[in-house]
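> The following comprises the amino acid sequence and a computationally predicted model.
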Amino acid sequence: MSQHLERLLPILSTIPGVNIPVTVLQGVYIAASQRKIEQLEGALQYEVGLLNQKVMAGQLTLDREYVKSDSFTANVIQAVRAAEVAETENKLHFIARALAGCSLSFPRPQLDKFQTMRIIESMSDRELRVFVEYFQILDPIDPYQDFIPNDSQVSVHGLSRQEFVASLLGLEQLGLISKENLTDRQGEWVDTPYQSGSGFAWKLTALARQVAILSRVGFEEP
């Protein structure tokens, strides 16, 4: 049995309804380093504490059936395996927040939590940074209907234009953004500094919505 997983159980058990038997984790091997697990443990303790406060305040709703299921246990194993390849502590905090989010109930359409955690595991630290900051560029009221033309010069602070575009291409490969043809939308793109009125633009996908909701990125949604 993985001691890495075992040491996370007391933190997770503070979420009402979570009761993962130690025996369930027998035979599960995790190769994450001791340092990464300690960082994940600290991040998870913070995120679970924050989540419990919001649940008690009525701001978030637990999925009490889901946290008792094998699916939630699978999310825990996914999170620790994602920690194995996490490049920075910032990524570990994002993983912890998404794992805590797996315990929540969301309005329809239902999230595919296993799929979402798998995508989060695959994101590089730079792709994660661009994904999070991408929401600061878009319309905060409805970021999923907004676009960024691929010929605009918008970028993320600290990254070159080439690094930013490379991250966008990576996010496209993961299915988090897509290219929208703007040929027929020229009349709609004349009033904002990031929109040029022709060619293609980047747009967030339904999968991006799942990642953002689970990790509570970009907007006030449970």
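The structure has been received and is ready for your questions. Not measured: the values here are computed from a predicted model. Residues are numbered from 1 along each chain as shown.

> contacting residues around the closest residue to residue 93 other than its chain neighbours?
Computed as CB to CB, 6 or more residues apart in numbering, the closest residue to residue 93 that is not its neighbour in sequence is residue 43, at 4.4 Å. Where you see a C-beta, it was placed from the backbone N, CA and C, and this is true even at glycine. Residues in contact with residue 43 (CB atoms under 8 Å, 6 or more residues apart in numbering) are 89, 92, 93, 95, 96, 97.

> pLDDT check: weakest of those residues?
pLDDT across the contacts of residue 43 is lowest for residue 89, at 90.

> Tell me, how many residues neighbour the residue nearest to that residue when sequence neighbours are not counted?
Leaving aside its sequence neighbours, residue 89 sits nearest to residue 39 (CB to CB, 6+ apart; 5.3 Å). Other residues within reach of residue 39, judged by other CB atoms under 10 Å, total 21.

> Quick one: the helices in this structure, in order.
3-12, 34-56, 70-84, 89-101, 113-122, 125-137, 161-173, 206-215 (DSSP state H).

> Check which residues of the third one are buried.
Which is helix 70-84. 72, 73, 75, 76, 77, 78, 79, 80, 81, 82, 83 (16 or more other CB atoms under 10 Å).

> on that earlier part again, need the winner for burial among the helices of the chain.
Highest mean neighbour count of the helices of the chain: helix 89-101, a mean of 23 (counted as mean count of other CB atoms under 10 Å).

> Just the angle for that helix relative to helix 113-122, thanks.
For helix 89-101 against helix 113-122, the angle by axes from the mean of the first three to the mean of the last three CA atoms, to 10 degrees is 180 degrees.

> which helices and strands sit right next to helix 89-101?
helix 34-56, helix 70-84, helix 113-122, helix 125-137, helix 206-215 (3 or more CB pairs under 8 Å, 6 or more residues apart in numbering; DSSP states H and E).

> For that helix, which outside residues touch it?
By CB under 8 Å, 6+ apart, the residues outside helix 89-101 that reach it are 15, 36, 39-40, 43-44, 46-48, 50-51, 75-76, 79, 82-83, 86, 116-117, 120-121, 123, 125, 128-129, 132, 211, 213-216.
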